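> Sequence below, structure please.
(one chain, ligands or ions: 1)
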Amino acid sequence: MWGGRFEGGPSAIMREINASIPFDKALWRQDIAASKAHVAMLGAMGIVADGDAIAIRDGLDAVAAEYAASGVPEDWDLEDIHMTTESRLAALIGPVAGRLHTARSRNDQVATDFRLWVRDAIDEADAGLEALQKALVTRAGEHAGSIMPGFTHLQTAQPVTLGHHLMAYYEMTARDRSRFADARVRLNKCPLGAAALAGTGFPIDREMTAQALGFAAPTANSLDSVSDRDFALDYLMAASQCALHLSRLAEEFIIWASQPFGFVALPDALSTGSSIMPQKKNPDAAELVRGHAGRITGCLVALMMTMKGLPLAYSKDMQDDKPPVFEAAGLLALSIAAMTGMIADTAFRTERMRAAAELGYATATDLADWLVREGDIPFREAHHITGAAVKLAESRGVPLDQLPLADLKSIDSRIDARVFSALSVEASVAARKSHGGTAPDQVRERVAEARAVLGLE
Ligand code: ARG
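As a prediction, the model looks like this:
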């Protein structure tokens with residue numbers, strides 16, 4: 001393509017280190033679409049004759065049909081998807097193919113293709129997260145009143161409902177979706193027409209190509225257009241944050257599926273067995289979601305390191321932008337799908353959860369709250385009295401509500417028989433009806449709101 005200036009050809013090492021076609025062939029659909037938008041504009045502006053523009057357009061369609069039928073050929077001498085397509089176009093329609101690259105450089109071309117690709121990846125993540133949210137609100141609605149232990153430090157803290165716990169992940173994924181949506185807005189400007197770095201002397205219409213490719217507007221600065229990759233970093237940051245949420249959810253399922261917990265029976269379809277231990281059912285899908293979060297974050301860091309020291313405008317380092325984005329997108333899509341299946345098809349063992357909520361003095365705060373409410377005792381003092389009650393119950397090996405009233409009275413005479421109604425796990429969750437609290441009625445309200453947002457009835 002640049003033979004005019006060279007006497008010798010590239011070495012084998014040069015060809016290999018330079019070739020991006022092994023991975024950037026994934027951009028072929030975007031590359032064809034952007035080239036078709038470009039040539040239509042060149043034709044409309046009279047930069048290329050109408051007949052030539054039509055021949056190029058039809059030729060690009062023919063190349064696309066070949067790629068769709070038999071894949072993109074990988075010739076390292078052609079370096080990347082842009083040269084591969086142009087060379088195939090020339091083979092099909094002859095020298096007129098050479099007019100396509102008027103008023104364009106691979107620098108604005110790759111920036112455009114990659115934005116289009118990342119935009120699709122954002123839309124794919126959003127659709128996946130929407131499906132995950134639908135599964136979450138469905139299961140949360142079923143279990144708005146199912147009681148389980150809530151933890152801090154993974155120590156029993158207060159009873160909560162399973163529905164409330166699942167809706168916590170609805171909230172996280174809602175913020176994830178909004179991060180992707182923000183990234184999409186910032187991404188959605190078209191760099192095509194920035195050319196190599198300085199713009200072009202040809203009378204191009206950048207509004208026209210931007211519109212044809214679904215962008216809100218052309219980008220404003222040609223140097224920025226070809227050298228920024230923050231749209232890809234925005235995507236990777238949103239993907240990393242999302243993967244981190246999925247990893248925490250996966251971790252909870254791993255813990256819940258362990259025999260001492262026994263809170264869930266994971267779907268067979270998302271578990272594996274052991275080659276030696278016949279009884280085993282392992283949560284491999286959840287473990288891989290947890291693992292993938294690390295790799296996705298690694299992809300973010302990789303691209304940050306690629307970009308951090310580059311002067312304006314394009315440098316070849318930027319060719320390394322694509323593998324981490326492609327890798328992260330694949331891992332994220334799998335992670336979202338795995339967790340959606342896990343949420344939809346896990347059997348929750350609510351009797352085990354409820355029994356666990358009875359352990360660990362989960363309603364101790366309710367006793368303290370009762371003393372504040374009924375005895376007008378300052379909370380700090382109530383906390384102290386309750387601590388003594390827990391200590392006594394623990395020494396007897398009984399739950400709080402099985403301590404005889406006389407024993408409770410010996411700790412503080414202001415305690416009377418009405419206290420027992422506050423000490424059950426049902427009473428405990430029902431009492432927490434502050435906005436966003438775990439009371440089943442609160443959870444049902446939040447589920448109803450979420451269902452409306454998701455367009456479920
Ligand atoms: N394969 C290149 C990339 O992905 C395309 C841009 C090449 N531009 C250049 N000036 N060499 O970055």
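> Show me what the helix or strand where His164 lies packs onto, helices and strands only.
In this assignment (DSSP states H and E), His164 forms part of helix 162-187. Helix 162-187 sits against helix 106-142, strand 147-152, helix 230-257, helix 440-453, with contacts defined as 3 or more CB pairs under 8 Å, 6 or more residues apart in numbering; DSSP states H and E. Glycine gets a C-beta too; all of them are placed from N, C-alpha and C.
> Quick check: end-to-end length of stretch 395-407?
12 Å (CA to CA, to the nearest Å).
> Only the buried residues of it, if you could.
Pro399, Leu400, Asp401, Leu403 (16 or more other CB atoms under 10 Å).
> Adding pLDDT, secondary structure and distance to Thr102, write those residues out as TSV.
Listed next are those as TSV, based on pLDDT from 0 to 100; DSSP: H, G, I helix; E, B strand; the rest coil; distance: CB to CB, whole Å:
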residue	pLDDT	secondary structure	distance to Thr102
Pro399	89	coil	81
Leu400	90	helix	81
Asp401	88	helix	83
Leu403	92	coil	87
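> rewinding a little: please state the mean pLDDT value computed over the helix holding His164.
Computed over helix 162-187, the mean pLDDT rounds to 98.
> how far is that helix from where the chain is centred?
Taking CA atoms, centre = their mean, to the nearest Å, one finds helix 162-187 lying 9 Å from the centre of the chain it belongs to.
> And stretch 200-210, by the same measure?
35 Å.
> How about stretch 185-200?
27 Å.
> so how far is the first residue of it from its last?
26 Å.
> got the contact list for stretch 199-211?
With CB atoms under 8 Å, 6 or more residues apart in numbering as the test, stretch 199-211 has contacts from 34, 37-38, 40-42, 44-45, 47, 102-104, 189-190, 192-193, 216-218, 222.
> hmm, I was thinking of stretch 50-62
32, 35-36, 39-40, 42-43, 48, 85, 89, 92-93, 96-97, 99-100.
> Go through it and flag the buried ones.
Asp52, Ala53, Ala55, Ile56, Arg57, Gly59, Leu60.
> Which ones among those residues also lie next to the ligand?
With the criterion set as CB under 6 Å from any ligand atom, no member of the buried residues of stretch 50-62 is near the ligand.
> out of those, which one sits closest to the ligand?
Within those, the smallest distance to the ligand is 18.1 Å, found for Leu60 (CB to the nearest ligand atom).
> continuing past the helix or strand where the closest one lies, what's the next helix or strand?
Using DSSP H and E, Leu60 sits in helix 50-70. The helix or strand immediately downstream of helix 50-70 is helix 81-93, counting by DSSP H and E.
> Just to check, Thr161 is in contact with Ala144?
Yes: between Thr161 and Ala144 a contact is recorded at 6.1 Å, counting by CB atoms under 8 Å.
> contact partners of stretch 89-99?
Stretch 89-99 is contacted by residues Leu42, Val48, Asp52, Ala55, Ile56, Asp58, Gly59, Leu60, Ala62, Val63, Glu86, Leu100 when judged by CB under 8 Å, 6+ apart.
> Span of it from start to end?
Stretch 89-99: ends 11 Å apart by CA to CA.
> ditto for stretch 198-209
Stretch 198-209 end-to-end distance (CA to CA) = 18 Å.
> Give the rounded mean pLDDT of it.
If you average the pLDDT values across stretch 198-209, you get 98.
> That stretch and the ligand in contact?
No: Stretch 198-209 lies out of reach of the ligand by CB under 6 Å from any ligand atom, never closer than 13.2 Å.
> May I see the buried residues of that stretch?
Residues of stretch 198-209 classed as buried: Gly199, Thr200, Ile204, Arg206, Met208, Thr209 (neighbour count, 16+ other CB under 10 Å).
> Between those, which sits nearest Gly360?
Distances from the buried residues of stretch 198-209 to Gly360 were compared by CB to CB; the smallest belongs to Thr209, at 63.4 Å.
> For the residue in the stretch 351-457 of the chain positioned nearest to the ligand, give me the pLDDT.
The ligand sits closest to Leu454 of the stretch 351-457 of the chain, with a gap of 38.1 Å, by CB to the nearest ligand atom. Looking at Leu454, its pLDDT is 98.
> Spit out the contact partners of it.
Glu130, Gln133, Lys134, Val137.
> and if we set it to 10 Å?
Residues counted as contacts of Leu454 (CB atoms under 10 Å, 6 or more residues apart in numbering) are Glu130, Ala131, Gln133, Lys134, Leu136, Val137, Thr138, Tyr170, Ala174.
> ditto for Arg115
If a contact means CB under 10 Å, 6+ apart, then Arg115 has 30, 34, 187-192, 213, 215, 219, 225, 228-229, 231-232 as its contacts.
> Check those residues and tell me the two furthest apart.
Leu213 and Arg229, at 18.2 Å, using CB to CB across the contacts of Arg115.
> on that earlier part again, got the contacts of Leu454 as JSON lines, with distance to Ser247 and neighbour count columns?
Converted to JSON lines, those look like this (distance: CB to CB, whole Å; neighbours: other CB atoms under 10 Å):
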{"residue": "Glu130", "distance to Ser247": "20", "neighbour count": "16"}
{"residue": "Ala131", "distance to Ser247": "18", "neighbour count": "17"}
{"residue": "Gln133", "distance to Ser247": "17", "neighbour count": "24"}
{"residue": "Lys134", "distance to Ser247": "21", "neighbour count": "19"}
{"residue": "Leu136", "distance to Ser247": "16", "neighbour count": "27"}
{"residue": "Val137", "distance to Ser247": "21", "neighbour count": "24"}
{"residue": "Thr138", "distance to Ser247": "22", "neighbour count": "17"}
{"residue": "Tyr170", "distance to Ser247": "17", "neighbour count": "21"}
{"residue": "Ala174", "distance to Ser247": "18", "neighbour count": "15"}
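> Sounds good, over and out.
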